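A.B. asks: Give the three-dimensional model of this entry:
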Amino acid sequence: MKKREPVSRIMTENVLSVNIDDDLKAVKNLINSKKIRHVPVIKGKKLVGIISKTDLNRLAFTGLFEDQEDADEAIFEMLNISQVMTHKPKVVSSANSIKEVAEIFASSEFHALPVVNDTDPTKLEGIVTTTDVIKYMLDQY
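C.D. replies: The predicted structure follows:
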């Protein structure tokens, strides 16, 4: 196993993101249609947060009660991305090692990290998830 393999080797580079001014329904549709679980949030060209499928599921009643789609729609219209997302998420640089990323995941409760530029920590370059790290580890065996 390579000890200093950079996270850039396993990260998703063409990451889908949303603008902080988008509405929550657009985020929900993106997550569902692309079958992804985490979406970085940008303002202009700067990373300002991350929103997850879990964040959106916490707002929904349809899984708990029958015929509550209208209630879900109302909630998604009342709230905005900024009220639901994680502000100032933990990030890693594309030069960080996969080992360092794995250590962060092992000691944290989140499952995705935005990957930012080495010199500009607001410039989004990609995203890495626990699934990416697990697949890398499996490839080593």
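
A.B. asks: Please make it C-alpha for all contacts and neighbour counts, starting now.
C.D. replies: OK.

A.B. asks: tell me, what residue is most central in this protein?
C.D. replies: For the chain, residue 38 is the residue whose C-alpha lies nearest the centre (CA atoms, centre = their mean; 2.9 Å).

A.B. asks: For that one, name its beta-bridge partners.
C.D. replies: Beta bridges link residue 38 to residue 52 when assigned by DSSP bridges.

A.B. asks: That one is in contact with residue 114, isn't it?
C.D. replies: No. Counting by CA atoms under 8 Å, residue 38 stays clear of residue 114, with 9.4 Å between them.

A.B. asks: Between the two, which contacts overlap?
C.D. replies: Taking CA atoms under 8 Å, 6 or more residues apart in numbering as the contact rule, residue 38 and residue 114 both touch residue 50.

A.B. asks: thought residue 111 was touching residue 129?
C.D. replies: Yes. With contact defined as CA under 8 Å, residue 111 counts as touching residue 129 (5.5 Å).

A.B. asks: Might you list the low-confidence residue ranges for the chain?
C.D. replies: Residues of the chain meeting the criterion pLDDT under 70: 1-2, 61-72.

A.B. asks: could you show me where the strands are in it, in order?
C.D. replies: 18-19, 38-43, 46-52, 86-87, 92-93, 112-116, 124-129 (DSSP state E).

A.B. asks: and the residue nearest to residue 102 when sequence neighbours are not counted, how many residues sit next to it?
C.D. replies: Counting by CA to CA, 6 or more residues apart in numbering, residue 133 is the residue found nearest to residue 102 once chain neighbours are left out, at 6.6 Å. When neighbours are counted by other CA atoms under 10 Å, residue 133 registers 19.

A.B. asks: Also the one 3 residues further on?
C.D. replies: Here the count is done by other CA under 10 Å, and residue 136 has 15 residues near it.

A.B. asks: now it: how far from residue 4?
C.D. replies: Distance, residue 136 to residue 4, using CA to CA, to the nearest Å: 13 Å.

A.B. asks: One more: residue 39?
C.D. replies: Residue 39 is 27 Å from residue 4, by CA to CA.

A.B. asks: more neighbours, those two?
C.D. replies: Legend: neighbour count by other CA under 10 Å for residue 39 and residue 4, higher for residue 39 (23 against 12).
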